[in-house]
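> structure, please.
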Amino acid sequence: MIRALAMDDEPLALRLLGVFAAKIPDLEIAAACTDTEQARTFLDKVDVIFADINMPLQSGMDFVASLENPPLVVFTTAFADYAVDAFKVGAVDYLLKPFTFDDFSRAVDRVREALKMRASNGQQQEKLVYFKSDYKIVPVKVSDICYLESVGPYMKIFLASSQSPLVVLSSFKQILQELPTDRFVRIHKSYVADITRITAAGKSSVILDNGRSLPVGDTYRAGFMERYVKESGR
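Alright, predicted model coming up:
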C-alpha cells in the first residue's frame, strides 16, 4: 500500500485528491493538511506527498526543498511556471490544475516506479535531468543520453532508448550545467558526448558504442584527447 500525504490550502482540492485516491486500490491518503507545519508531523508515516505550491506560512516548493530526506513528491498546482524548479527539488511529477483522474493515475504510476527503484537501489535513485520539450517537462536518465547536438538555437538530445532525438530550446552552456561534468565532454562546437560511450577516438572523429561517428573539432581536440586517454587508460 502506498501511503500518501495530501497538502493543499483549498478544501475542495483536498477532497478531489481523496476521491481520485479512492479509485486506486493500492493508494491511501493517510493524512490531509492545509499548511506545511501540519504536514511536517506526518512525513515519516508516508511514501509520497501530493503538494500544492501556493501554501500559507511556507510555499510547497520551499517546504520540500527544506527537507533532508523527503518522501517522494508530486506537485499539484495551478501555476505552470514552477515546473522546472519542481523537478530540480526531486519531484516525481507535476500536475497542473485542473488535472483529470487519468493525469493523477499516471502520476501514481510514476510514484510506484520510483518506490521500486528506491527499494532495489537501497534508496539511491539514478540521476535524472529534466528538459522542456513541446511545452512539457521530460525527465531523462543521465545514463540514457548518448550525445547532444547543437542546431541553431535548439539542442538535439540523442537517447539510447529512442530512435528520435529530444529537441529542446537551449544552449550547451545551459544544458551542461545540469549534466555531470565527469561524464560529458565537449568534442566539437556542435557536439557533446558521453565519454563512457566512446569506444574509439581519432584525430578528427570518435566512435560511440552504438556505432555513431561524431566529429572532433580543432578547438576541443587537445583537451578531449587528454581527458579520454586519462579516463580510458589508453
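
> neighbouring contacts of the one helix or strand residue 168 maps to?
Using DSSP states H and E, residue 168 sits in strand 166-169. Contacts to strand 166-169, defined as CB atoms under 8 Å, 6 or more residues apart in numbering, come from residues 131-133, 138, 140, 153-157, 159, 175. For every residue, glycine as well, the C-beta is placed using N, CA and C.

> same for the helix or strand following that strand, what does it pack against?
Helices and strands here follow DSSP H and E; after strand 166-169, the next one along the chain is helix 172-176. Helix 172-176 makes packing contacts with strand 145-151, strand 154-159, strand 184-188, strand 191-194 when contacts are defined by 3 or more CB pairs under 8 Å, 6 or more residues apart in numbering; DSSP states H and E.

> and residue 21, which of those strands is closest to it?
strand 154-159 (33.0 Å; CB to CB).

> quick check: angle from that closest one to strand 145-151?
160 degrees (axes from the mean of the first three to the mean of the last three CA atoms, to 10 degrees).

> buried stuff in strand 154-159?
155, 157-159 (16 or more other CB atoms under 10 Å).

> and the pLDDT at the spatially most distant residue from the centre of the chain?
Here the chain has its C-alpha centre computed as a mean, and the residue farthest from that point, by CA atoms, centre = their mean, is residue 203 with 35.3 Å. Looking at residue 203, its pLDDT stands at 87.

> what sits against it?
Taking CB under 8 Å, 6+ apart as the test, what residue 203 contacts is 216, 221.

> now residue 170
With contacts defined as CB under 8 Å, 6+ apart, the neighbours of residue 170 are 131, 154-155.

> how near is it to residue 190?
Residue 170 sits 14 Å away from residue 190, going by CB to CB, to the nearest Å.

> residue 183 too?
When distance is defined by CB to CB, residue 183 is 19 Å away from residue 190.

> please apply the same query to residue 130.
Distance of residue 130 to residue 190, computed by CB to CB: 23 Å.

> what does residue 42 give?
Counting by CB to CB, the gap between residue 42 and residue 190 amounts to 50 Å.

> helix or strand for residue 140, which one?
Residue 140 belongs to strand 136-141 when elements are defined using DSSP H and E.
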